[in-house]
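S.K.: Build me a structure from this.
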Amino acid sequence: MTGSALFHRRVGTVRPSHLMFTSGVGALVDLPNFSALVKGLDDWSHKNVPNSQAINEPRLLAAVQYTIGKSVQKLMPAPWMEPSQKDPTGQAAKVGVPVTPFPSWLRCTACNELGALDSGVFGFENTNIHRPHEARFYHAKCKRKKPLAVAARFVLSCTNGHLDEFPYGFFVHHGDACPKASHPRLRMDDRGGNLGANVELSCVNCGERRNIREAQGKRGEENLPRCRGRHPHLATFDTGGCGRPPKLLVVGASNQWFANTLSALFVPRAGASALDAKVEKYWTVISPFAVEMYPLLRENMPVFKEFDQWDDDELAEAVERHKARLEKKSDAKEETKGYPDLRTAEWEMFSGPTPDPDADLTLRRDPAGVPDELGGVFSDVVQAERLREVRALIGFTRLDAPDPDDPDLVELVKLARGNPEWVPASEVRGEGIFLRVPEELLQDWEKRVADSDALRAHHEAYARHRRNRYSDRIASMADFDETAHWPGARFIALHTLSHLLIRTISLECGYSSASLSERIYSGTEDDPHRGGILIYTAVPDAEGTLGGLVSLAEPEQLVRLTRRALTDARHCSSDPLCAERLPRHPADFLHGAACHVCLFVSETTCERGNKFLDRRFLVPVDDSGLALYPDVP
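M.R.: Coordinates of the predicted model:
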């Protein structure tokens, strides 16, 4: 939060991963004493961060440009500096992510006075530079001495991604002005209770009273003004307003902000020389410079140390080759809808020949191949001793999470007022295990379950889910394809297998299940014969690996863990309720025999939000004919 000489700038801290998935641009951050809103990229700055460098991942940068525009030239980490103990008010104190207090209506915890920040009745304290979390607002005109003033905990949002203050004065006076004062004094009395919010708002001047319950639900929308189209993180209003009915939200609600991110693993280009691979990796850094500057850059720019074994002419030729390759790719690019494909290159890398070891990628296969006991379970096992993943934030949504396959169904909110030149990104280094399921096994299973009642129930539930979720934002349901982007039976089986293994191996690999992530490589229209999963570490605060996950892919360990996972999947502590579950009409949930006891994992681990899971498609639960693995190996 920007500040004056009266108080220090810092008001709190968050982990780097929070700025990507929990508290990024446009999100409300619930600090100990008040709530703050992360500002847009127009207000972020790296100028006080020495040696601040872009994160190099050409595939991901191209995908970001394809999604939100060619103006994006860099993937940048959040601005941050290690604070100095000797000079706590030095340069590091000026570096951080900018925020602003939001909501700007506060309530005194002593007298329940309700007012806006600009009303002049509240003061601010942030005196201890070593404890920024103690920053607080206080009621300056209260009878008690500086009592804490906290955020009035209600805001308005809409499905277009707008966010606004709750109109307390408008609401209390039923849409009219106070007859006794132009700027009435308000109070907020939180009465508690177990039947939802029970907060009474009152006007001190005229005595008008109203409960916040009258703003909740469908009926409550009639008591609220239409959305004004406000984006407080950008300090703008949409031209022409919005006009949609607003939804009442409580500060801290999980649906006030959903990150929309793209991620890519480092994949060496097939057939590329070591020089070409490094040029591609550091393209955004070296491409602006002419060959005449290379001698000077080799002495002053750390990145050019990577090219010490090649002379300037060789480097210049590699730069020209990569530039020509990019121009050719741009000319041949066809206009398609949806998100760019970032998985094909990864699938080809894992399923193809083992690439040469690299600082960003080291894969290893056991020379003996898949253990004999698992021959009918897996057709390939790859130990990823080193992996590098880069994630980029391209926007966010409110009220509804973004659709992972269809970017047009949920309104994406921009990160900046104009066309951003960079987007926030984070880099993760870790380890993983890639497991490929035999194609013949998957094809035979798909034929068996194609006409089953269980798969039909899942397919119908998917149509209901899309219809219920998007019916209020589509002009005509007649033109809406309810079954578009259906992932298919193969995805459900692979996804279920991934969750089973994650829950099993997390007990022994040294990482918690929340520190693991998955990537499902299922069949597509262009390549229907994909069938693999990658389970890998995804901890932004860790550099390198522990080795515990990769070691579990050793033959003896993998056989034991696979047997345990498939055996445990046959029963759940919630059976028979879990085993009998299928999404029947009118339910529109997207899982069958799955629950928090047997299959669900944390939201940061699952790439599909614990959807498309069903134990019956993997092991015998109620019908052995539906199981991909009817027998334990």
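S.K.: contacts and neighbour counts: CA atoms only from here.
M.R.: Fine.
S.K.: can you tell me the helix or strand for residue 494?
M.R.: Under the criterion DSSP states H and E, the helix or strand holding residue 494 is helix 489-505.
S.K.: what's the following helix or strand after that helix?
M.R.: Per DSSP H and E, the first helix or strand lying C-terminal to helix 489-505 is strand 516-522.
S.K.: Check which helices and strands that next one sits against.
M.R.: For strand 516-522, the packing partners by 3 or more CA pairs under 8 Å, 6 or more residues apart in numbering; DSSP states H and E come out as helix 489-505, strand 531-537.
S.K.: Repeat the analysis, applying 10 Å as the threshold.
M.R.: The contact analysis (3 or more CA pairs under 10 Å, 6 or more residues apart in numbering; DSSP states H and E) places strand 516-522 against helix 344-351, strand 422-436, helix 489-505, strand 531-537.
S.K.: Ok, which of those comes nearest residue 454?
M.R.: Across the helices and strands packed on strand 516-522, residue 454 has its closest neighbour in helix 489-505 (10.3 Å, CA to CA).
S.K.: which helices and strands does that closest one pack with?
M.R.: Where contact means 3+ CA pairs under 10 Å, 6+ apart, helix 489-505 is packed against helix 439-449, helix 453-470, strand 516-522, strand 531-537, helix 555-568.
S.K.: Looking at the ones you listed, spot the one closest to residue 208.
M.R.: For residue 208, the closest of the helices and strands packed on helix 489-505 is helix 453-470, at 37.8 Å, according to CA to CA.
S.K.: Quick one: mean pLDDT over that closest one.
M.R.: Taken as a whole, helix 453-470 has an average pLDDT of 90.
S.K.: Packing partners of the helix or strand that contains residue 156?
M.R.: Element membership for residue 156, per DSSP H and E: strand 154-157. With contacts defined as 3+ CA pairs under 10 Å, 6+ apart, the packing partners of strand 154-157 are strand 163-165, strand 247-250.
S.K.: which residues are in contact with it?
M.R.: The contact list for strand 154-157, computed with CA atoms under 10 Å, 6 or more residues apart in numbering, reads 102-103, 105, 162-168, 212, 224-231, 244-253, 255-256, 398-399.
S.K.: circling back to that earlier point, select, out of the helices and strands packed on helix 489-505, the one closest to residue 374.
M.R.: Checked against CA to CA, the stretch from these lying closest is helix 555-568, at 6.6 Å.
S.K.: Any stretches of the stretch 401-550 of the chain with poor pLDDT?
M.R.: Residues of the stretch 401-550 of the chain meeting the criterion pLDDT under 70: 471-478, 539-546.
S.K.: go on, the stretch 151-300 of the chain?
M.R.: For the stretch 151-300 of the chain, the ranges with pLDDT under 70 are 192-196, 270-274.
S.K.: residue boundaries of the strands in the stretch 301-450 of the chain?
M.R.: 362-364, 380-397, 422-436 (DSSP state E, counting those that start in this stretch).
S.K.: Now tabulate these in CSV and tack on distance to residue 54 and mean neighbour count.
M.R.: As requested, the strands of the stretch 301-450 of the chain are exported to CSV (distance: least, CA to CA, whole Å; neighbours: other CA atoms under 10 Å):
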stretch, distance to residue 54, mean neighbour count
strand 362-364, 23, 19
strand 380-397, 11, 23
strand 422-436, 9, 23
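S.K.: what's the closest non-adjacent residue to residue 437?
M.R.: Distances taken as CA to CA, 6 or more residues apart in numbering place residue 378 nearest to residue 437, at 4.5 Å, with adjacent residues excluded.
S.K.: What pLDDT is listed against that neighbour?
M.R.: According to the prediction, residue 378 has pLDDT 96.
S.K.: what sits against it?
M.R.: 370, 371, 372, 435, 436, 437, 438, 439, 441, 531, 532.
S.K.: change it to 7 Å
M.R.: Contact analysis of residue 378 by CA atoms under 7 Å, 6 or more residues apart in numbering lists 435, 436, 437, 438.
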